[in-house]
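can't give you the sequence, but here's the structure:
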């Protein structure tokens, strides 16, 4: 498997997961995640080349239903729990740069 | 404490009332919740209204169902309309779901009274209920110790005689492990037997909802109500609920049961002694018990701690401050999401999200996540081979009895090792349960684990009932 987990790896993963870590947390998580991944390396003791990965324990495949309209949650009920809603929509801070 | 079976019989016959049973529950909660921190929310008003309605229906001569007037505690990762649902996380603080989980609909339809929401390790990630944003739950049998986790609040509710039964969820042992540590019956059903619609997802290929109870018959009664196909969960098995209560006293005569070395090796002496005594009790009841070895199980902990975090990292991406729960303001949307998730998630949740993100990231996917899915296949095949030779398997549920608060919080791997005997079944998708058998250190209960192939719940309950009787609970 790959080399040991680095502090930069943890910083990158935190960015991907939308988490902000302090310097101390970076040190701590680098050590802890490294230990967990080290334990996981025992899976390397096996040759799994010809083993198929599990998709579902009982081999159940895609489940579909008839394409008919059924009632769903009322929009106002759902939006009532939103941190911020405007004009019947979820509202978030700006996504793109300055308005032209 | 009356069993759920007895409460339902009394309420149906008019010997007791849903209101009287609920008031008894509320009194015990009032007496013990401050010390034990079992319930995060008690729905006093809603429960009283529901109980009054049950009583009115009984008075009119209606059949109110198999759980008539039974107060039940719900793990706080199950959605109930209008009732705060937190997953013990600050990120969902204040959120009230707009719909009911299917299991809650089924309980209410069966006449049960939903009392409130119980504490858990945040997003069900943990084995002690210490990873809660709302403080740890204490073990009612010894408040200096943990109740186990992640469904520790639901286990403690039953162990403290607050309710006769409760619901938990089990991804890697989160029902069976706290059941063992609190002296209860706890069941992880076959994957797909119970709908997860309305269960806030942790690891979708592993999560199952199941009951806690003091008796095997009560656990069977509740599971029979929960089970059966639900079109709203695409992983739900397309078949009706099995009959379970009717088979509780079937016994084990003629059954072949495998005592699995890997499922008790390394456990404390008293735990091993209980497992061996359980094997003797099953033998005395007419089963043939043979020792078996399933070496593949040695790798399941590693596979689990990649698969479950990988799925969690994806499932928990939805908590971004946009649609529900906490939002921490920031000037652009990415900064808002980062600020929200950083403030909202606790340390263990962050650890698992990052572990999962890493295991799925470019360059590491094959080495970690892909490898873990192949180990999962080996586990499924190994169990399937074992079940060609035996009907059920027997082992320990946990390596030790309930441990002290704070004893295992310093190092994540130490805590993860608690799940070493419960994880294999989740990977296989098979059912398993923990039933109290004997005692260990400080007179605390020991749980033994019974495992079976998919859809073997009736067989598991029958064997558990044999152990319950042999352990002095006729």
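Structure received. Keep in mind the model is a prediction, meaning the values are calculated, not measured.

OK, contacts around residue B:416?
With contacts taken as CB atoms under 8 Å, 6 or more residues apart in numbering or on different chains, residue B:416 has the following neighbours: A:36, B:127, B:301, B:305. Every C-beta, even on glycine, is put in place using the N, C-alpha and C of the backbone.

where does pLDDT dip in the stretch 301-450 of chain B?
Of all residues in the stretch 301-450 of chain B, none has pLDDT under 70.

can you give me the strands in it?
For the stretch 301-450 of chain B, applying DSSP state E, counting those that start in this stretch gives strands covering B:392-396, B:432-439, B:445-451.

same deal with the stretch 51-200 of chain B?
Going by DSSP E, counting those that start in this stretch, the stretch 51-200 of chain B shows strands at B:71-75, B:113-118, B:165-170, B:185-188.

still on that earlier bit, which of the contacts of residue B:416 has the most neighbours?
Highest neighbour count within those: residue B:127, with 28 neighbours (other CB atoms under 10 Å in any protein chain shown).

how about it, nearest residue that isn't a chain neighbour?
residue B:418 (4.2 Å; CB to CB, 6 or more residues apart in numbering or on different chains).

and the helices in chain A, which stretches?
A:7-16, A:23-40, A:75-79 (DSSP state H).

could I get those helices in a markdown table, plus columns for mean pLDDT and distance to chain B?
Conversion of the helices of chain A to a markdown table gives the following (pLDDT from 0 to 100; distance: least, CB to the nearest CB, whole Å):
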| stretch | mean pLDDT | distance to chain B |
| --- | --- | --- |
| helix A:7-16 | 97 | 5 |
| helix A:23-40 | 95 | 4 |
| helix A:75-79 | 94 | 5 |
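
neighbours of the closest residue to chain B within chain A, how many?
Of all residues in chain A, residue A:57 sits closest to chain B, at 2.7 Å by CB to the nearest CB. Neighbourhood size, residue A:57 [other CB under 10 Å]: 23.

skipping adjacent residues, who's closest to it in space?
residue B:429 is the one closest to residue A:57 (CB to CB, 6+ apart), at 2.7 Å.

so who does the one you found touch?
Counted by CB under 8 Å, 6+ apart, residue B:429 has contacts A:56-58, B:190-192, B:380, B:454.

and the helix or strand that contains residue B:282, average pLDDT?
Assigned by DSSP states H and E, residue B:282 belongs to helix B:269-284. Averaging pLDDT along helix B:269-284 gives 98.

chain A is nearest to which of the strands of the stretch 51-200 of chain B?
Using CB to the nearest CB, the nearest of the strands of the stretch 51-200 of chain B to chain A is strand B:185-188, at 12.7 Å.

each with direction, which strands does the next helix or strand after the closest one pair with?
Using DSSP H and E, the helix or strand that follows strand B:185-188 towards the C-terminus is strand B:208-213. Strand B:208-213 has the following strand partners under DSSP bridges: strand B:165-170 (antiparallel), strand B:185-188 (antiparallel).

and strand B:208-213, which residues are buried?
For strand B:208-213, the buried set under the neighbour-count rule, 16 or more other CB atoms under 10 Å in any protein chain shown, comprises B:208-213.

wait, what's in contact with the residue of the stretch 1-150 of chain B found nearest chain A?
Of all residues in the stretch 1-150 of chain B, residue B:98 sits closest to chain A, at 4.7 Å by CB to the nearest CB. By CB under 8 Å, 6+ apart, the contact set of residue B:98 is A:73-74, A:77-78, A:80-81, B:81.

with that, I have no additional questions.
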